[in-house]
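Q: got a structure for you, letters missing:
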Ligand code: PEP
Ligand code: MG
C-alpha cells in the first residue's frame, strides 16, 4: 500500500503534486546535502482522504508515529520529554503556492513542565505555541491573545494565554504532545477549505481538489541569543533582476518576526559581520541551489547557535523587468537555454513594461472598479465630452475622458485624453478596442459610475465629481482612484528586445497588428508587427473633414448623388492607404471594407438638422443593428461604396509601387460573410473594379465571424484567398452574447458567480467558439489546402488565445500594436509547448 508519510530523505514518486511545494523543496534540499532541519511530509493524498472521510484515513496515525520515532532517533531528542523535548513545526504546503492562505503552528510538543523555569526563548516559544494553536486549531480570536501579550513578563503572559484558552474552549491547553500534533495536522488539512483559501484558489484558477501536504519539521531556533538569527534572501534582486545577494536578516529572532514585521530587519550583509562562518556557508549553499534549480531562488533560513539551517527555497516571484534581466543573464551564464528563458516570461506580466503604471510604493484608496479594458495608468482632470477633451488637451492639460460609453464621434477626444473611463460597455466595446489600439489606459463598464453629461457631473460610488476634478485610472486592474497617484513610466529596454528576439526565432505563427492609420502602422512596426491583419476603414470615415461627406453619401436621394459623395471621399481614403502601405513596405496589409451599420455615422434623432435627416435616421434605425444592415450586406446593397474603396486601395497600391518601386502586399477583406454567394458576388465586384484601375496584385478574402461561415467554410473558401477570424463577432453570434450589453450585466454576474470562469470577449471560448474555428480551418483547407488563415479579433493579443491559435494551425495572429510584443512571446511559447518545453510563470 502506498504511504501517506515520507521522510525528507526518503524518495517519493509523486513529486510536487504529492509532497506539495514546501515538502518537495525540503526533500530535494535534504537529498542535495543542504543543511535543513529533519522531518517528514504527510502527503496531499492523506489530505484528500481526510477531506473525504472527515477524519484521518486508516493507517495514517500509525505512520505518523513511526516517522516521529525516526525523527526522535535522528535528533536524539524525545517528543513530549519533560526536559529538553523534541519540538516540531506543523506547516501547510500545497503543490501550488498560496502565500499566507493556510496555517502553520510552531513549537508543537511543548508543555508546562518543559517550559517551567526554562530560558527566555523557551518561555517565548511556549506562549507562541498556545497562541498559534489557539488561533488555528480552536479558532480563538487573535485579538484576545495580542491584547494580553506582555513581552517583559513571559510567565505572566503564559498564564494569561492558558486562561484565555480555557475560557474560549472550556478545556485546559493540551499537555499531551501527540494530541497537540494530531490536532495541529487536522487543523492544517482543514485550512485548505477556509473561505479565504477558496476565494484565493478561485481567483488564481487553482483546482479545489488538490489538497495540501503537511510538513512536520524539527524546530530550530533563531532566537537563542547572539549567535542565532533568521532571515530571507533572494539569489538576485527580485525587482531589477540584478545578480547578487538580496535579503534581510534579524539577529536573535524567529522567522515569523520577519514576516510579521514586528522588528525591522537589517540588510543581509549584517549577517556577514555577526555570523561570518554561517554567512559564508549560506552564500555557498544558495549558489548551489540556484545552480540546481536553474532559477532565481527565494530562501528562508535560520541560524541556531551558529549552525545554519535552510527552511525553504522556491522560485522567486519577480517583477517583469527582473524576469527579463534574470533570464538574459542566466542564458549568458550558461545556466539555462534560450528556449527556457522564453518559456519563463509571463506574456501578461510583460504588459507592465509597455505602459505607465501606478508606483507600487504609492498608497491610495480605490474608489471603484470597472473592467481592465486597456492596460496602463493615467491621472488627469475629468472631462465629460470629446470637444472639451480636445480643447483642454491642446492647452496642455492632462485629462481623462469620462463617458457613459464612447462612440466613433468621440475619437478626437480619446486622442487628446490620457485615459478613458466609461460606465457602460465591455472588453470589446468601442472605448476598449480603440483605447487598446491607441495604447491608452481604459477602464470600461464601471458600474459604480454615473454620468450626467449636461450637468457636467459624475458620481463614483456616491462621491460627486465635477469637470476638472482629478482622478487616476489603472486600465491594467480596472481600478479608479480619486485624486492623483504617482506613476512609473514604461520600461522597454535591451533585455526586453533580447528575449523577444529569441522568441521570434522560436515561433511559427506570424504576428500582425490591427492598425487604421499610418501612425498606428509605424508604431506597430516598431513593436515588431509583420504586417497589418486588420485595417478598419470606417475609422477613416470618422475624421472631421470626412464625416460631413459620409453623411452626404448616406443622405443621397439616388445612386448618382451617392456616387458624387463617394467620389469626394475617394482621395481621402487613397491617401490614407498610401500612408499605411508605405509604413508597412514589404509586409502584407489587410484592408477591410466598410463594416458598421450606416446609422453610426449619423447624429442622434435629437441632433438631426432637418426633417429629411430625421426621416433618413428613422429609416436606418434597427432594433438589432449588430445583426442588421452591416458588413458585406452594405456592399451588396450599395455596391458603389465598396467600389469606391476598392478603387482607392488599388490606386494607392499603384501609386506607392510607382513611387517606391516596392509593390505593397494588398489583401482586400469582406466583413460578415455567411454565404458563399455573398462572397462570390463581392469577389466579382472587387476584381472588376480593380481591373478598371491598375495592374496591381492583391488577394481577396473574408472575415470569418459568423457560425454559418465556419460551418460552410468549404464553400466560402472557393471564393477566398484568405480567412481572418473575427472572434469578437464570432463570440457574439456563437454565444448569443451581445458585445455591447453583456458586460456590466449578466456576464458580470456570471463571472462573479462562477457560471463562467473567464470573459469570452477577452479569452477565447476554446470549447465553443474555438470548435467552430477548428471546423472552419478543417473545411476551408479541404477546399483550398494553402488558404491563408489568421485571426484579427481582440483575442489575437491575449496569450492563452494566441496559444490556441497556434494549435489550430493559423498562419498569423493580429492584435493592437501595443500587444504585439506579448503575442510574439505567446506564439513562441506555443511553439515551445509543442516541442515539450512548457511555459512556467514565475511572475510576481
Ligand atoms: C471581429 O468581429 O472580431 C472583428 C475583428 O471586427 P470588429 O471588431 O470590427 O467587428
Ligand atoms: Mg466584426
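A: Happy to help now that I have it. All values derive from a computational prediction rather than experimental measurement. Ligands and ions are numbered 1, 2, ... in the order given.

Q: rest of the way, CA atoms for contacts and neighbours
A: Noted.

Q: Is residue 587 in contact with residue 533, as I believe?
A: No: checked against CA atoms under 8 Å, the pair residue 587 and residue 533 is beyond contact range at 10.4 Å.

Q: Neighbour count: the two, which is higher?
A: More crowded of residue 587 and residue 533, by other CA atoms under 10 Å: residue 533, with 30 against 18.

Q: in the stretch 651-800 of the chain, what residue is nearest ligand 1?
A: Nearest to ligand 1, among the residues of the stretch 651-800 of the chain, is residue 726, at 3.0 Å (CA to the nearest ligand atom).

Q: Give me the neighbour count for that residue.
A: Counted with other CA under 10 Å, residues neighbouring residue 726 total 23.

Q: residues in contact with it?
A: 703, 704, 705, 791, 792, 793 (CA atoms under 8 Å, 6 or more residues apart in numbering).

Q: quick one: what helix or strand has the residue nearest the centre of the chain in it?
A: The structure's the chain has its C-alpha centroid closest to residue 348; by CA atoms, centre = their mean the separation is 4.6 Å. In this structure, residue 348 sits in helix 347-354 according to DSSP states H and E.

Q: and the helix or strand just after that helix, what other elements does it pack with?
A: Using DSSP H and E, the helix or strand that follows helix 347-354 in sequence is strand 357-358. Packing contacts for strand 357-358, counted by 3 or more CA pairs under 8 Å, 6 or more residues apart in numbering; DSSP states H and E, involve strand 377-383, strand 487-488.

Q: got the contact list for strand 357-358?
A: So strand 357-358 is in contact with 376, 377, 378, 474, 485, 486, 487, 488, 489, 490, going by CA under 8 Å, 6+ apart.

Q: so who does residue 365 touch?
A: Counted by CA under 8 Å, 6+ apart, residue 365 has contacts 481, 482.

Q: Surely it is in a strand?
A: No: counting by DSSP: H, G, I helix; E, B strand; the rest coil, residue 365 falls outside a strand, being coil.

Q: With respect to the helices and strands packed on strand 357-358, which exhibits the lowest mean confidence?
A: Mean pLDDT is lowest for strand 487-488 among the helices and strands packed on strand 357-358, at a mean of 89.

Q: in its sheet, what does that one sit against?
A: strand 357-358 (antiparallel) (DSSP bridges).

Q: before we move on, the earlier item: please indicate which of the contacts of strand 357-358 are buried?
A: Among the contacts of strand 357-358, those classed as buried by 16 or more other CA atoms under 10 Å are 376, 377, 378, 474, 485, 486, 487.

Q: what about the nearest residue to the last one once chain neighbours are set aside, how many neighbours?
A: The shortest distance from residue 487 to any non-neighbouring residue, by CA to CA, 6 or more residues apart in numbering, is to residue 358 (4.4 Å). For residue 358, the tally of surrounding residues (other CA under 10 Å) stands at 22.

Q: Kindly report the same for the one 10 residues further on.
A: Using other CA under 10 Å, the number of residues around residue 368 comes to 17.

Q: give the contact list for it.
A: Listed by CA under 8 Å, 6+ apart, the contact set of residue 368 reads 446, 448, 449, 460, 461, 479, 480, 481.

Q: What of residue 324?
A: Residue 324 touches 241, 345, 495, 496, 499, counting by CA under 8 Å, 6+ apart.

Q: Any figure for the gap between the first one and residue 337?
A: I take that to be residue 241. Note on residue 241: its distance to residue 337, by CA to CA, to the nearest Å, is 17 Å.

Q: and the two? which has more neighbours close in?
A: Of the pair residue 241 and residue 337, residue 241 is the one with more neighbours under other CA under 10 Å, namely 23 against 15.

Q: Can I take it that the more buried one is in a strand?
A: No: read with three-state DSSP, residue 241 is coil and lies in no strand.

Q: ok now do it, which residues does it touch?
A: Residue 241 sits next to 318, 321, 322, 323, 324, 325, 326 when contact means CA under 8 Å, 6+ apart.
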